[in-house]
Every structure is written in structure tokens, then in C-alpha cells.
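Participant: What follows is a predicted structure for the sequence shown.
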Amino acid sequence: MKKMNSINETYKLCCEHSVGISRGLLLNLVNSGEIPCVKAGRSTLVNWEKLVEYLDNHTLPPSDPESKIRKISA
């Protein structure tokens, strides 16, 4: 497996390895600079190991167990 892959190749690897991110999220992470990448001509190359490391270390905060639905009285 190559270390540096294009966005499309990285997305295909995500699908093959059952990594649950969309291509859009991958693009957002690259464009925001949260995942290190390299521009090579018109291509953007992503380091697969750094992406996996990022996904392992960054988690979503726990969701609020209380319901946000409130009763409406007439």
C-alpha cells in the first residue's frame, strides 16, 4: 500500500477498510488542514497513516441522553 494517495484513492481505501467517513468529510478535513496533505501539481496527496491516526485520536463528544422534544399543551 502506498503511503501517499490522492483524495479518490484515499476514499477508496476508506471504503475497503470500512472506515466510516464520506468523501465530503475527507475533503473538509483536508481543506481545513486537520489532516496533513501535500499538493503535487493539481493533485492533493493524503498520508494514509496520518488519516488513520487522526481518526483514532479525535472522537465526538458524548451525546446528551435527554430528549430535546418538549410537550406542547393546547
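Facilitator: Cool, the structure landed.

Participant: so what's the nearest residue to Met4 once chain neighbours are set aside up against?
Facilitator: Excluding the flanking residues, the one nearest Met4 by CB to CB, 6 or more residues apart in numbering is Leu45, at 4.2 Å. C-beta: built from backbone N, CA, C; applies to glycine. Shown in contact with Leu45 (CB atoms under 8 Å, 6 or more residues apart in numbering): 4-6, 37-39.

Participant: Secondary structure element for Leu45, which one?
Facilitator: strand 43-47 (DSSP states H and E).

Participant: show me where this protein has strands.
Facilitator: Ranges of strands in the chain, per DSSP state E, are 4-6, 37-40, 43-47.

Participant: Could you pull out the helices in this protein for me?
Facilitator: 7-16, 23-32, 48-57 (DSSP state H).

Participant: how about those helices in a markdown table, adding mean pLDDT, mean neighbour count and distance to Ile69?
Facilitator: Output for those, formatted as a markdown table (pLDDT from 0 to 100; neighbours: other CB atoms under 10 Å; distance: least, CB to CB, whole Å):
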| stretch | mean pLDDT | mean neighbour count | distance to Ile69 |
| --- | --- | --- | --- |
| helix 7-16 | 94 | 16 | 34 |
| helix 23-32 | 92 | 14 | 28 |
| helix 48-57 | 90 | 14 | 32 |
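
Participant: Let me have those helices in TSV, adding distance to Arg70 as columns.
Facilitator: Output for the helices of the chain, formatted as TSV (distance: least, CB to CB, whole Å):
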stretch	distance to Arg70
helix 7-16	39
helix 23-32	32
helix 48-57	35
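
Participant: out of the ones you listed, nearest to Ser73?
Facilitator: Nearest to Ser73, of all those, is helix 23-32, at 40.6 Å by CB to CB.

Participant: tell me the pLDDT at Glu66?
Facilitator: pLDDT recorded at Glu66 is 61.
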